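Trainee: Provided below are the primary sequence and the corresponding predicted coordinates.
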Amino acid sequence: MGNDWKERLGMVYSTNPDFQYEKDSEEEQGTLAPRQQNLRVLLDKKKRKGKAVTLVTGFIGSNEDLKDLGKLLKSKCGVGGTVKDGEILIQGDFCQRVMDILKTEGYKVKRSGG
């Protein structure tokens, strides 16, 4: 075991010679297969100064896989966007195009009112 003190920051020193420090391992959920995902696509204008964004919610899986999906959608739509709080935001009204892309990738997609 390495002696990386940064991983143990905030721990109290133990005089027990048999003490083994155990890190809290936050396990990310495994990413479900596209066929098992139930994604919702909606047009959102709230808190965005009237600008429309296409919002994709309902993704179950790792943040890395969510970012990859967001990157794919942004590049196929040719616009900017972001991935945060488990949601993908695509700038502009691209609901239909996003739904088509997700269906092509094998995801189950529904349009939500918003």
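Mentor: All right, it came through fine.
Trainee: what number of residues lie near the residue nearest to residue 37 when sequence neighbours are not counted?
Mentor: Nearest residue to residue 37 in three dimensions, chain neighbours excluded: residue 107, at 5.1 Å (CB to CB, 6 or more residues apart in numbering). C-beta: built from backbone N, CA, C; applies to glycine. Residue 107 has 22 neighbours, counted by other CB atoms under 10 Å.
Trainee: quick one: residues contacting residue 107.
Mentor: Contacts for residue 107 (CB atoms under 8 Å, 6 or more residues apart in numbering) come out as 34-35, 37, 39.
Trainee: phi, psi of it?
Mentor: phi -90, psi 150 (degrees, to the nearest 10).
Trainee: what helices or strands is the helix ranked longest in the chain leaning on?
Mentor: Ranked by residue count under DSSP state H, the longest helix found in the chain is helix 63-77. Contacts defined by 3 or more CB pairs under 8 Å, 6 or more residues apart in numbering; DSSP states H and E place helix 63-77 against strand 53-57, strand 81-84, strand 87-91, helix 95-104.
Trainee: let me know which of the ones you listed is tucked in deepest.
Mentor: Sort these by mean neighbour count, taking mean count of other CB atoms under 10 Å, and strand 53-57 sits at the top with a mean of 22.
Trainee: partners of that one, with directions?
Mentor: strand 38-44 (antiparallel), strand 87-91 (antiparallel) (DSSP bridges).
Trainee: quick one: closest of those to residue 70.
Mentor: Proximity to residue 70 (CB to CB) singles out strand 87-91 among the strands paired with strand 53-57, at 4.3 Å.
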